[in-house]
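In: Sharing a model that was predicted from the sequence below.
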Amino acid sequence: MMGLAVDGGLLVPHQIPDVRAVMGDWHGLDYASLAFEVMRLFIDDIDDETLRDVIERSYGTFDDPAVTPLRSVGDVSILELFHGPTLAFKDVALQFLGNVFELILSESQSHLNILGATSGDTGSAAIAGVRGKDRINIFVLYPDGKTSRLQERQMTTVLEDNVHNIALRGSFDDCQTLMKSVFSDLDFKEKYHLGAVNSVNWARVLAQIVYYFSAWHQLGMPAKFNVSVPTGNFGDIFAGYLALRMGLPIHRLILATNSNDILARFFNSGRYARGEVSYSESPAMDIQVSSNFERYLFYRLGESGDKVADFMQSFSNEGAVNLHYNTPRVDEHFRAASASDEQTLNTIAAVYRDHQYLVDPHTAVGVHVGRRLHEGDIPLVCLATAHPAKFDAAMSRALPGVEVSHPTLTALSGLPERKQVMEVDEDRVKGYLVAHSG
């Protein structure tokens with residue numbers, strides 16, 4: 001529930017279990033049962049019966065019985081992660097997280113004020129996970145005018161008293177930096193019972209590990225496979241990295257970025273250097289500083305928190321830092337590249353033309369880069385992170401005349417909305433939170 005640790009760092013598990021001896025036995029389990037087997041390895045403070053109940057309720061809200069079904073689309077397999085209530089991969093973690101929060105708060109008779117930052121999908125998924133829950137207020141920071149209009153409506157049309165949307169006049173990085181700054185004020189954090197739902201929250205990452213195992217089972221448990229992941233904040237692909245460390249036979253994690261390519265540049269050069277945020281057709285990836293990258297560094301730097309702190313302090317001071325390594329690549333498990341907006345839109349058009357299958361602009365980045373970096377005849381899985389109807393403007397540019405819709409989104413049209421528009425001002429955000437906290 002604490003999100004960031006008290007020293008401003010990120011929480012990681014004491015150890016990563018090795019599941020190679022048992023993961024084949026999970027074949028044939030439904031998604032909730034698979035999630036139970038994976039998550040229980042990291043959880044010792046919720047009994048098995050209660051944990052199973054929380055998981056089953058969390059995934060009972062999805063519109064496909066497989067929860068994350070795998071579709072064969074030409075030379076790739078698409079893992080559809082958008083069958084939850086807000087049609088985005090964040091639902092897989094945040095439906096679970098909302099129910100876990102509710103359980104813990106009920107047992108402790110306490111309240112929580114969630115503060116989150118979103119580049120598009122986290123906000124609506126987090127709101128869907130906690131809307132109307134008695135002991136929780138949620139405050140979501142997002143960049144005003146920088147999400148798709150449908151993404152914004154999914155947040156601002158939720159009018160429950162415990163939901164507060166704050167549109168900041170800045171970038172997502174501004175939102176995320178402000179959020180981290182508020183959490184670093186430990187007295188304020190404790191006094192107002194702040195918690196996090198962003199991918200800085202370890203439980204988010206834990207829930208996302210599960211669908212990598214699901215993909216492998218749906219593929220037929222091959223000896224090895226590659227996964228292409230469209231990446232902004234590094235949480236989704238970091239979950240895959242942990243699955244790999246648990247023993248899942250992922251040959252390559254293919255990191256796919258848009259023009260905000262700080263992560264792709266790092267994995268190709270070892271240099272982590274901040275640039276200016278550029279706004280793209282894949283807005284949820286318009287991020288320069290990726291919060292979960294610190295967790296990866298922890299394992300890359302010999303599980304030394306001190307070395308991570310030194311690296312991040314140098315990055316904060318200089319805006320760039322080099323990771324020194326003596327191998328041909330920064331990390332043999334990773335391949336990385338970026339896709340331009342033109343390549344993204346062309347991929348949407350080509351996949352539809354060749355396979356009559358719709359991919360959203362983020363998934364298209366993953367498909368384009370995945371195909372470019374794929375090796376041999378190893379199965380390639382591409383993660384589909386959102387339903388294409390959430391990005392109607394980009395889809396219409398890529399596929400003029402093709403209707404791309406979803407009834408959940410169509411129903412938002414014309415509904416009343418509520419949001420607060422603010423400058424990027426920490427004191428003002430804190431004041432608003434104080435005025436509306438439980």
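Out: That came through fine.
In: For Q15, which three-state class applies?
Out: Following DSSP: H, G, I helix; E, B strand; the rest coil, Q15 is assigned to coil.
In: Per-residue pLDDT of it, please?
Out: Model confidence at Q15, given as pLDDT, is 94.
In: quick one: it and L34, what's the gap?
Out: 21 Å (CB to CB, to the nearest Å). Every residue, glycine included, has its C-beta placed from N, CA and C.
In: the more surrounded of these two?
Out: Neighbours of Q15 and L34, each counted by other CB atoms under 10 Å, are more numerous for L34; the result is 22 against 9.
In: Now the more buried one: closest residue in space, sequence neighbours ignored.
Out: W26 (5.6 Å; CB to CB, 6 or more residues apart in numbering).
In: how many neighbours does the one you found have?
Out: 18.
In: Quick check: pLDDT value at it.
Out: 98.
In: D286 too?
Out: With respect to pLDDT, D286 scores 79.
In: got it, and G275?
Out: 87.
In: coming back round to it: and the gap between the residue nearest to L34 and Y212?
Out: From W26 across to Y212, the span is 12 Å (CB to CB).
In: Is D63 in contact with H83, as I believe?
Out: Yes: in terms of CB atoms under 8 Å, D63 counts as a neighbour of H83; the distance is 5.1 Å.
In: more neighbours, these two?
Out: A count of neighbours by other CB under 10 Å puts H83 above the other of D63 and H83, at 21 against 11.
In: how about the nearest residue to R135 once chain neighbours are set aside, what does it touch?
Out: Leaving out its chain neighbours, the residue that sits closest to R135 by CB to CB, 6+ apart is L105, at 4.1 Å. Taking CB atoms under 8 Å, 6 or more residues apart in numbering, we find L105 in contact with H111, L112, R135, I136.
In: What is the neighbour count of the third one?
Out: Applying other CB under 10 Å, we find 18 residues neighbouring R135.
In: Against A386, how distant is it?
Out: As judged by CB to CB, R135 and A386 stand 29 Å apart.
In: Report the rounded mean pLDDT for the one helix or strand D53 maps to.
Out: Counting by DSSP states H and E, the element that carries D53 is helix 48-59. With pLDDT averaged residue by residue, helix 48-59 scores 98.
In: Repeat that for stretch 399-419.
Out: Average pLDDT, stretch 399-419: 95.
In: just stretch 98-111 next, same as before
Out: On average, stretch 98-111 scores 93.
In: Please work out how many residues are found near L186.
Out: For L186, the neighbour count with other CB under 10 Å is 13.
In: In this structure it contacts A5, no?
Out: No: using CB under 8 Å, L186 is not in contact with A5; the gap is 10.4 Å.
In: With adjacent residues omitted, what lies nearest to T408?
Out: L87 (6.3 Å).
In: Could you tell me the phi and psi values at the one you found?
Out: Backbone torsions of L87, given as degrees, to the nearest 10, read phi 60, psi 30.
In: Contact partners for it?
Out: With contact taken as CB under 8 Å, 6+ apart, L87 is in contact with A386, H387, A389, K390, H406, T408, L409.
In: Separate out the buried members of these.
Out: A386, H387, A389, K390, T408, L409 (16 or more other CB atoms under 10 Å).
In: so where's the stretch 1-150 of the chain uncertain?
Out: Counting by pLDDT under 70, the stretch 1-150 of the chain contains no low-confidence segment.
In: which stretches of it form strands?
Out: 70-73, 76-80, 112-117, 136-143 (DSSP state E, counting those that start in this stretch).
In: No further questions, thank you.
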